[in-house]
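Participant: What shape does this take:
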Amino acid sequence: MDLNLVRVFVAVAETRSLTAAASRLYVTQPAVSQALAKLRRDLDDPLFQRSGREMVPTPLALSVYPGFRDAIAGIDRTVDAVHRFDPASSQRLFRIALSELGEIGWIPAIHRAVAERAPGMRLEVVPMDVAELPEWLGRGSVDLAVTPAPVPGEFAQTVLKSQAYGVAVSQRHPLARGEVGLADYLAAEHVRVASDSGAANVDAALRRVAAPPPPRVSINHFAALPPLLAGRSGLVATVPDTIAAGWAESWRLVVRPLPFEMAPVDVRLYRRSTTQHAAALDWLFATVAGAIRGSSGQFGVIHGDAVAAG
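Facilitator: Model prediction:
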């Protein structure tokens, strides 16, 4: 079989678009259509059917895609090993999906690690959307993602850190003194951050003993949380405990253990399953993993002072 036909098939399967596949392969859209037509004849199957703007794979296409993808990836890595990927000369753009906390805490370390060896490589942070991650990673819309949320699908991944959660409250809150009981925790007024990709893990652990209480206040950004807690004694938040402990150094906050059992959450680095630029992605995956593991995070940049915390 013509290897170029397999490349076209993999590109269409991953992008679900003739136009996007042509752009990835640096050919015209008619060239993609012609290659796809030949492959359809060779395999005696339509392979893709248009649904709106999307090319939807047939059952046969879904069944042969993993083998074709792995074959192309293996060939590309072999060729890359001959030419040797050189990060110092790379001008590629890579996209990393991060939560708000991930962007605040780890982008400085990631940027430093990449810039040291690949000064021409460009990075773009994509706001985290856990529900969209399988689609993004499957199609190559993002190259890497860091999240404690489980991502369904066969994506290469590695554990970066294990993160425990705690209860953050104002120093003036009744729960700031002594052990936090489950009944008092459930009766408290909770604030929830919409961008917390670990919230589902908290809810799952809490459901084993009680129904999660509805939040009194919902906010979009973690940066708003410390002043909100410090400025209103009635609110509590369930957040990563080490991050909250850092806030407590400059805000008038206290961090207490959870009143229910919850195992630490594994924060994982995921990589896309698509085949393009495999050697460069191998290098970036290892570099980002090393940068995050070696960093304590820059979460303290969300800090207060004596006036703001009062």
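Participant: K161: helix or strand, and which one exactly?
Facilitator: Using DSSP states H and E, K161 sits in strand 157-163.
Participant: per-residue pLDDT, the residue lying farthest from the centre of the chain?
Facilitator: Taking CA atoms, centre = their mean, the residue of the chain most remote from its mean C-alpha position is R41, at 39.1 Å. pLDDT for R41: 92.
Participant: do G310 as well
Facilitator: 46.
Participant: Use 277 as the first number from now on
Facilitator: Sure, I'll start counting at 277 from here, so that last one is G586.
Participant: related to what we said a few turns ago, what residues sit buried inside the strand holding K437?
Facilitator: Buried residues in strand 433-439, defined by neighbour count with 16 or more other CB atoms under 10 Å: 433, 436-437, 439. The C-beta positions use only the backbone N, C-alpha and C, and glycine is treated the same way.
Participant: Run the chain-centre distance for that strand.
Facilitator: 12 Å (CA atoms, centre = their mean, to the nearest Å).
Participant: how about the strands in the stretch 327-476 of the chain?
Facilitator: Counting by DSSP state E, counting those that start in this stretch, the segments of the stretch 327-476 of the chain that form strands are 330-333, 369-374, 398-403, 420-423, 433-439, 441-446, 465-469.
Participant: Tell me which of the ones you listed sits nearest to F561.
Facilitator: Closest to F561 of these, according to CB to CB: strand 420-423, at 6.5 Å.
Participant: How about residues contacting that closest one?
Facilitator: Applying CB atoms under 8 Å, 6 or more residues apart in numbering, the contact partners of strand 420-423 are 370-375, 378, 382, 404, 406, 409, 412-413, 427, 436, 473, 543-548, 560-561, 564, 568.
Participant: cutoff 7 Å now
Facilitator: Residues outside strand 420-423 that contact it (CB atoms under 7 Å, 6 or more residues apart in numbering): 372-375, 378, 404, 406, 409, 413, 436, 473, 543-547, 560-561, 564, 568.
Participant: before we move on, what about stretch 469-484?
Facilitator: Applying CB under 7 Å, 6+ apart, the external contacts of stretch 469-484 come out as 375-376, 404, 406, 423-425, 441, 468, 488, 494-498, 501, 514, 536-538, 541.
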